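>>> this is a predicted model, with the sequence first.
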Amino acid sequence: MTATTAPTPAALRAPAPRKPRRRREDPSVVPLRLYGLRRGTVAIATALAVLFAVFTLIPVWWILVNSTKTEPNLFATFGFWFAHPFRFFHNIHAIFTNQSQGSLSQWFQNTVIYAFCGGAGATILSATAGYGFAKFRFRGNHALFMIVLSALLIPLTAVAIPLYILYAKVHMDSTMEGIILPFMVSPVGVYLMRVYISAAVPQELLDAARVDGAREATLFLRIAVPLMTPALITVFLLSVVASWNNYFLPFIVNNRTSLDPLPVGVYVWFQHSVSGGGYQDFYLYTVCAGLVTIVPIIVLFLVLQRWWRGGLLLGSLTG
């Protein structure tokens with residue numbers, strides 16, 4: 001018989017070696033190893049992103065702070081911090097009620113009409129054109145698409161004068177339709193829609209619907225459009241921002257102050273402020289009007305950022 005030794009009390013009390021616990025990984029976070037980046041590289045990229053964010057937000061902070069001041073404090077106090085008295089609501093009320101050199105309410109209404117009508121038109125045209133380029137094969141498809149993209153190489157200033165002459169011939173100058181129509185043309189939107197539709201709308205699904213007897217309009221409206229929602233939101237946002245901030249085109253083709261958008265109207269106020277003649281308050285009015293101009297776009301991006309971000313990510317992966 002073999003003798004067995006009983007375990008000592010110290011061995012009984014010694015805990016078993018623990019296996020290393022794995023950290024619970026968030027499924028929504030992509031590990032750095034999949035990007036092939038080191039932590040030092042990520043830290044540098046993060047620092048640069050923070051610097052870019054600060055550089056971008058400094059003008060917004062300056063406008064917000066100075067819109068709360070009086071006209072003397074606008075020049076006598078530190079520009080990046082608040083001063084007494086706090087006149088924000090009084091200033092906002094003043095710029096909407098003062099109509100001595102134009103109506104901010106009218107300019108704001110015109111800008112909303114131009115931006116959303118132009119954005120909706122650009123989205124519809126870009127969606128239909130992108131769907132046609134992505135899902136139909138016809139002679140000259142690639143060449144025609146290259147011609148559309150070549151429009152990106154032509155600056156707006158080069159076509160503004162010819163466009164005004166054309167509008168004058170057909171009596172569309174100084175009209176709301178004449179201002180909206182150029183905003184409905186978006187080569188970038190056509191490109192984004194073609195890239196997105198090629199990746200997000202399966203050709204097999206469309207072919208199966210055709211076999212079942214579905215018409216092309218039904219395929220587009222009931223199958224393709226629901227799958228194109230992120231791209232549609234992205235193109236709409238880009239088109240709205242381009243229309244909202246456009247100054248040069250309305251300035252050239254419009255001669256009626258009642259049809260001026262916000263960029264043109266705010267520039268008129270700025271010209272009065274630098275000219276003197278009792279218009280010193282328009283310095284403050286210009287600052288407050290700038291805040292009113294940028295806030296709606298920021299709110300729109302915050303509301304629609306989920307779809308906008310998804311559309312840009314898919315376009316970057318497939319383009």
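Perfect, thanks for sending it. Numbering: from 1, shown residues only.
>>> please count neighbours and contacts with C-alpha atoms only from this point.
Will do.
>>> how much space between L304 and L206?
28 Å (Cα to Cα, to the nearest Å).
>>> with neighbour numbers in mind, choose between these two.
L206 (18 against 14; other Cα atoms under 10 Å).
>>> what distance do you get for the more buried one to F116?
31 Å.
>>> do the same with F251
F251 is 19 Å from F116, by Cα to Cα.
>>> cool, F301 as well?
Taking Cα to Cα, one finds F301 at 14 Å from F116.
>>> more neighbours: the two, which one.
F116 (20 against 17).
>>> burial count for the nearest residue to the more buried one once chain neighbours are set aside?
Nearest residue to F116, sequence neighbours excluded (Cα to Cα, 6 or more residues apart in numbering): V240, at 6.0 Å. Neighbours of V240 under the rule other Cα under 10 Å: 27.
>>> now swap in L144 and tell me
12.
>>> wait, is it part of a helix?
Yes - assigned with DSSP: H, G, I helix; E, B strand; the rest coil, L144 falls within a helix.
>>> surely the residue nearest to F116 is in contact with T111?
No - here V240 does not reach T111: they are 9.9 Å apart, not a contact under Cα atoms under 8 Å.
>>> other SSEs contacting the helix or strand where I197 lies?
Here I197, judged by DSSP states H and E, is contained in helix 187-200. Identification of packing neighbours for helix 187-200 by 3 or more Cα pairs under 8 Å, 6 or more residues apart in numbering; DSSP states H and E yields helix 104-135, helix 141-150, helix 229-244, helix 281-318.
>>> how far off centre is the longest one?
The reference is to helix 281-318. Relative to its chain's centre, helix 281-318 lies at 6 Å (Cα atoms, centre = their mean, to the nearest Å).
>>> ok, the third one next?
Averaging C-alpha coordinates over helix 229-244 and over its chain gives two centres that are 6 Å apart (Cα atoms, centre = their mean).
>>> same question, the first one
On the basis of Cα atoms, centre = their mean, helix 104-135 is displaced by 13 Å from the centre of the chain it belongs to.
>>> could you list the buried residues of that helix?
Across helix 104-135, burial judged by 16 or more other Cα atoms under 10 Å covers 104, 106-108, 110-134.
>>> out of the helices and strands packed on helix 187-200, which is closest to V211?
helix 104-135 (16.1 Å; Cα to Cα).
>>> in terms of secondary structure, what does the closest one contact?
helix 88-97, helix 176-183, helix 187-200, helix 229-244, helix 262-275.
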